[in-house]
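Peer 1: I'd like to go over a predicted model; first the sequence, then the structure.
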Amino acid sequence: MSRLQHFGWFFSRGFGPQGWGHPYFDWGYRWTEPALYQQSARELEQAGLDLVIIEDGPSLGSPETLDLRVREAYGGPKHDPVALTSFLLAATSHLGVAPTVNAGAWGPYLAARHFASLHHLSGHRVGVNVVTDVPSTRHYGVPRVTHDQAYDRADEWLRAVRELWHSWDDGALVADPSTWHYADGSKLRRTRFEGEYFDVEGPLNAIPFTDGDPAVVSPGGSPKGIAFAGAHSDVQLALAPLQLERVRTYRQRVIDAAVAAGRPAGAVKTLFVFKPEIVASDEEVERVVRASFDPTDDVVAAILAGQSSDLETDLTSLPLDRPVDPSIFGEHVSQGSIKGLLGTFDDFSSATLRELIVAKARKGRIDEHAGFVGTAEQVADFIEEFGEEADNDGFIFSGDLHPVTVHRYLDELVPVLRRRGILRREFGGGGIQGNLHEF
Ligand SMILES: Cc1cc2nc3c(=O)[nH]c(=O)nc-3n(C[C@H](O)[C@H](O)[C@H](O)COP(=O)(O)O)c2cc1C
């Protein structure tokens, strides 16, 4: 029998109208209300997932390209994931919920207090996905910093937050009704965190935790990002090509970073973003893969709209059968997104825009490691193989937090993973830390 792995869900386009243009809308998709998300969260919990991570992009992006972002709702609007978190926690009993917070956006005291309150309210089930995106911080009235400085700021932020969470010493909370003695003020430490970015005094006006701190999730894959994960995280939300050697290497970098920070090798679970397309039969796998080689105009248009939003550059008005002139990408466009558009092509002169988009539409069989289309058994084989051959900790499924998407991924896969001993059968208690660290 295989060993257990950890699974989570990345609500990858965040708390917004991500179903726009999708048939979900045919039956009243009310994205601003909690019901659909709560139903989905309960299903993730019944499936035995450890946590859901809620993406966030607090900014609508560059002022010149607002229309590209909102026209088809690819880049916004987006509501606050921390507000949604309370509703998801209220609807579940075991699932961890980790909203995304930019360490430049919330002051450490506010964050420590808010997350402490949610952690207590939920039976210790809160996490925080700490991100360092720089452009969006212009909305917060904080100094603009570089990529690496944003990590230094996040590192300070988290150290200040943790100092506040631990500003109540053992025995500080008395809570003895026989004497009406609630707390011992002599055991509350007047902490003072003085760094380059923050100067914060404690103690925190919230009681200490009984089942560990809120879990820290981190997604950055640069050397700074991995060092941050090693020093602070419980989960590294890893984005990497799902090849055995790449997964092994990525995981080892996180382990090395944890050890370098003085933490145990197993302190961080590295969970890889995974978007399989699960279909009913092997014939269906063939059909879906073959159809993807000749995408319909609608598929091409949808990919163009999504790429235009990500790149904050209008690709929809460019001629499809000519190469893209890379000078159209302004300074505001992330190099990562430009590389993403190129995919496996070396440069923009080697392909027309249509070829770039058609390559994005292309799918492959998961059992040949050529893509992610497979039956539930084939997807389970893939998951099992990564556990056995790359010592992988687990995967984070990525998609909308919508019952249709959740069913599509999990209905057939969950029983197969359970039967093979890869997915938990029950929760052991201990909140989000228990979910992540009990095996
Ligand atoms: C899988 C994944 C998820 C991310 N989710 C978010 C997010 O929800 N919000 C955000 O502002 N940035 C998000 N980021 C961006 C990271 O926080 C970070 O800014 C970016 O990856 C650059 O850091 P790096 O160079 O260390 O990778 C995400 C990155 C990855 C790889």
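Peer 2: Here it is on my side, so go on. Since the model is a prediction, treat every value here as computed from it, not as a measurement.

Peer 1: Would you mind listing what in the stretch 101-250 of the chain touches the ligand?
Peer 2: Within reach of the ligand by C-beta under 6 Å from any ligand atom, the stretch 101-250 of the chain has these residues: 102, 131-133, 219-222, 224-225, 237, 239. For glycine as for every other residue, the C-beta is placed from the backbone atoms N, C-alpha and C.

Peer 1: ok, the residue lying closest to W106 once chain neighbours are set aside - how many residues close by?
Peer 2: For W106, ignoring the flanking residues on the chain, the nearest one in space by C-beta to C-beta, 6 or more residues apart in numbering is H114 at 7.6 Å. Other residues within reach of H114, judged by other C-beta atoms under 10 Å, total 17.

Peer 1: Do I have it right that H114 meets V82?
Peer 2: Yes - H114 is within contact range of V82, at 7.0 Å (criterion: C-beta atoms under 8 Å).

Peer 1: Was I right to think G212 contacts G123?
Peer 2: No - counting by C-beta under 8 Å, G212 does not reach G123; the two are 11.8 Å apart.

Peer 1: Can you pull the residues that touch both of the two?
Peer 2: Common contacts of G212 and G123, defined by C-beta atoms under 8 Å, 6 or more residues apart in numbering, comprise G431.

Peer 1: Would you map the helices across the stretch 301-439 of the chain?
Peer 2: 335-342, 353-361, 376-389, 403-419, 431-437 (DSSP state H, counting those that start in this stretch).

Peer 1: give me phi/psi at V52?
Peer 2: phi -120, psi 140 (degrees, to the nearest 10).

Peer 1: Okay, now the unreliable bits of the stretch 101-250 of the chain?
Peer 2: For the stretch 101-250 of the chain, no stretch has pLDDT under 70.

Peer 1: And the helices in it?
Peer 2: 108-121, 147-165, 223-232, 244-260.

Peer 1: orientation of the shortest one relative to helix 147-165 in degrees?
Peer 2: The reference is to helix 223-232. On the basis of axes from the mean of the first three to the mean of the last three C-alpha atoms, to 10 degrees, helix 223-232 is oriented at 10 degrees to helix 147-165.

Peer 1: Which elements pack onto helix 223-232?
Peer 2: Helix 223-232 sits against helix 147-165, strand 215-218, helix 244-260, with contacts defined as 3 or more C-beta pairs under 8 Å, 6 or more residues apart in numbering; DSSP states H and E.

Peer 1: Tell me which of these sits most buried.
Peer 2: Among those, strand 215-218 has the highest mean neighbour count (mean count of other C-beta atoms under 10 Å), at a mean of 27.

Peer 1: Mind listing the strands that strand pairs with, and their directions?
Peer 2: strand 127-131 (parallel), strand 235-238 (parallel) (DSSP bridges).

Peer 1: Provide the contact partners of it at residue level.
Peer 2: 51, 53, 96, 98, 126-131, 158, 225, 228-229, 232-237, 432-433, 436.

Peer 1: Mind doing that once more with 7 Å?
Peer 2: Residues from elsewhere that reach strand 215-218, judged by C-beta atoms under 7 Å, 6 or more residues apart in numbering: 53, 96, 98, 127-130, 158, 225, 228-229, 232-237, 432-433, 436.

Peer 1: same deal with stretch 64-82?
Peer 2: Counting by C-beta under 7 Å, 6+ apart, 14-17, 20-21, 32, 54, 56-57, 60-61, 99-101, 305-306, 308-309, 312, 314 sit against stretch 64-82.

Peer 1: Please apply the same query to stretch 4-17.
Peer 2: 31, 44, 49-57, 73, 76-79, 81, 84, 237, 269, 271, 273, 383, 387, 392-401, 421-424, 436, 439.

Peer 1: any idea how far the residue nearest to W106 lies from the ligand?
Peer 2: Note on H114: its distance to the ligand, by C-beta to the nearest ligand atom, to the nearest Å, is 18 Å.

Peer 1: quick one on the thing from earlier: could you dump the strands paired with strand 215-218 to CSV with distance to T92 and mean neighbour count?
Peer 2: Shown next, in CSV, are the strands paired with strand 215-218 (distance: least, C-beta to C-beta, whole Å; neighbours: other C-beta atoms under 10 Å):
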stretch, distance to T92, mean neighbour count
strand 127-131, 13, 27
strand 235-238, 18, 28
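
Peer 1: closest to S327 out of these?
Peer 2: Closest approach to S327 among the strands paired with strand 215-218 is made by strand 127-131 (29.7 Å; C-beta to C-beta).

Peer 1: Give the buried residues for stretch 6-20.
Peer 2: Buried residues in stretch 6-20, counting neighbours by 16 or more other C-beta atoms under 10 Å, are found at 6-19.

Peer 1: Ignore what I typed, I meant stretch 294-305.
Peer 2: Applying 16+ other C-beta under 10 Å to stretch 294-305 flags 295, 299-300, 302-305 as buried.

Peer 1: And for stretch 219-230?
Peer 2: 219-221, 224-230.

Peer 1: before we move on, what about stretch 42-54?
Peer 2: 42-45, 47-54.

Peer 1: Say whether the ligand is contacted by that stretch.
Peer 2: No - Stretch 42-54 stays clear of the ligand (C-beta under 6 Å from any ligand atom), getting no nearer than 7.7 Å.

Peer 1: Show residues contacting that stretch.
Peer 2: Stretch 42-54 is contacted by residues 6-11, 14-15, 41, 81, 84-85, 88, 91-92, 94-100, 127, 129, 217, 237, 396, 401, 403, 406, 410, 414, 423-425, 432, 435-436 when judged by C-beta under 7 Å, 6+ apart.

Peer 1: Report the separation between the two terminal residues of stretch 46-53.
Peer 2: End-to-end distance for stretch 46-53: 17 Å, by C-alpha to C-alpha, to the nearest Å.

Peer 1: Now find how far off-centre it is within its chain.
Peer 2: In terms of C-alpha atoms, centre = their mean, to the nearest Å, the centre of stretch 46-53 is set 13 Å apart from its chain centre.

Peer 1: same deal with stretch 266-284?
Peer 2: For stretch 266-284, the distance to the chain centre is 14 Å (C-alpha atoms, centre = their mean).

Peer 1: Disregarding residues adjacent in the polypeptide, which is nearest to E384?
Peer 2: Closest to E384 by C-beta to C-beta, 6+ apart is S2, at 5.2 Å.

Peer 1: and that neighbour, what does it touch?
Peer 2: 384, 387-388, 420-422.

Peer 1: Quick check: it is in a helix.
Peer 2: No - counting by DSSP: H, G, I helix; E, B strand; the rest coil, S2 falls outside a helix, being coil.

Peer 1: Please tell me how far it sits from the ligand.
Peer 2: Computed as C-beta to the nearest ligand atom, the S2 to the ligand distance reads 25 Å.

Peer 1: A172 too?
Peer 2: From A172 over to the ligand the distance is 35 Å, taken as C-beta to the nearest ligand atom.
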